[in-house]
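> Quick one: sequence plus predicted model below, questions after.
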Amino acid sequence: MSKNDSKFQVKFMSFMFKGKEIFKPLNTGFIDDRVSCIREYVANIYFYTKDDHTIMIDAGYNYDRLAEKMQWLNINPKQIKEILVTHQDTDHIGAIEKGSDELFSNATIYIGKVENEYLEGHKHRKVFWGLTTLPQVVIDNQKVLIEDGQVFYIGNIKVEAILVPGHTWGHIVYLIDDSYLFTGDTIWFGADGGYAFLNTLAEDRKLQCKSLQRLKEILVKRNLQLKIITGHTGWTDDFAFAFAHIDEICNSLKRKPKVHDPKAPFDGFDESEDTEENARNGYLAQCYKAI
């Protein structure tokens, strides 16, 4: 499924979203000394390194150039023993689906207990207002099922899982070392700040907004200095920017940018600027509110 779905998205979704400023992925490179990312078409996968231990956040598409781009970051796929999965959509889990290239066949997968019900066939992933049911995803890797609010350690890396249902029923965001929030497909950054992620792909749009409000309340009480890192639209350390419009979901069909983002690619699937030279040259800029 993952190979076919990846090829389908490159063709169909590239055509569908051209010029809409919907997908704004980071190019391959480094956010800082601990976080690096790889661009796979419109999606980003992330790596977090501490004390010489590297974990992976989401597994992306079943992407032909993944091993190549990991070399740009000096990461060997065999190093990856743990992968945190936000949710089970192909652009976040394709590299560990059955029938993939099996770069991470020995890695342990951390996934929410609720989200795992899709993998077990107890829930069925629906998109486009519930009108389309996606095929069941199958993963053979060893899994660790995690609960909302659970805190665990991978080596010296502290991970807290927070359940944010709406995009999928069991979507998890990961707060790592109280400093980095990996949001997967919960927040979409426009040039004027964060919104709930795309309407066409949500299981429950209203629930998605409620989940983001709960997440905001949890984080405000902690008073943390965070880097907030999304699956498709970059990162920011501006909390107010990230949660500016979470009571509204991004309409991926009709959206005309409220604030034009000149940095948004015309076609998010065009990777011509994603090069090894650029990946090794400095840090990746964050999103700022357009003036």
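Yes, it's here. Numbering: from 1, shown residues only.

> Just read off the phi/psi values of the residue nearest to Ile249 when sequence neighbours are not counted.
Counting by C-beta to C-beta, 6 or more residues apart in numbering, Ile249 lies nearest to Ala196, which is 4.1 Å off, once chain neighbours are set aside. For the C-beta atoms, the positions are set from N, CA and C on the backbone; glycine is no exception. Torsion angles at Ala196 (phi, psi; degrees, to the nearest 10) stand at phi -60, psi 150.

> Wait, Ala196 touches Trp188, no?
Yes - look at Ala196 against Trp188 with C-beta atoms under 8 Å: they come within range, at 7.0 Å.

> Pretty sure Thr200 sits in a helix.
Yes - per DSSP: H, G, I helix; E, B strand; the rest coil, Thr200 lies within a helix segment.

> Might one say that it is in contact with Val127?
Yes - counting by C-beta under 8 Å, Val127 is a contact partner of Thr200 at 6.4 Å.

> shared neighbours of those two, anything?
The contact sets of Thr200 and Val127 do not overlap (C-beta atoms under 8 Å, 6 or more residues apart in numbering).

> Quick check: the residue lying closest to Asp58 once chain neighbours are set aside vs Leu145, distance?
Among residues not flanking Asp58 along the chain, His92 sits closest, at 4.4 Å (C-beta to C-beta, 6+ apart). Using C-beta to C-beta, to the nearest Å, His92 is found at 17 Å from Leu145.

> which of the two has more neighbours?
His92 (24 against 14; other C-beta atoms under 10 Å).

> ok, the more buried one - contacts?
His92 neighbours (C-beta under 8 Å, 6+ apart): 43, 45, 58-60, 85-86, 184-185, 231.

> List phi and psi for it.
Here His92 shows phi and psi, under degrees, to the nearest 10, equal to phi -120, psi -10.

> just the one 5 residues further on next, same as before
Comment: the main-chain dihedrals of Glu97 come out as phi -70, psi 150, following degrees, to the nearest 10.

> Tell me, how many residues neighbour it?
So Glu97, with other C-beta under 10 Å, has 24 neighbours.

> cool, and Phe243?
Counted with other C-beta under 10 Å, Phe243 comes out at 20.

> Make sure it is actually in contact with Cys209.
No - judged on C-beta under 8 Å, Phe243 makes no contact with Cys209 at a distance of 11.1 Å.
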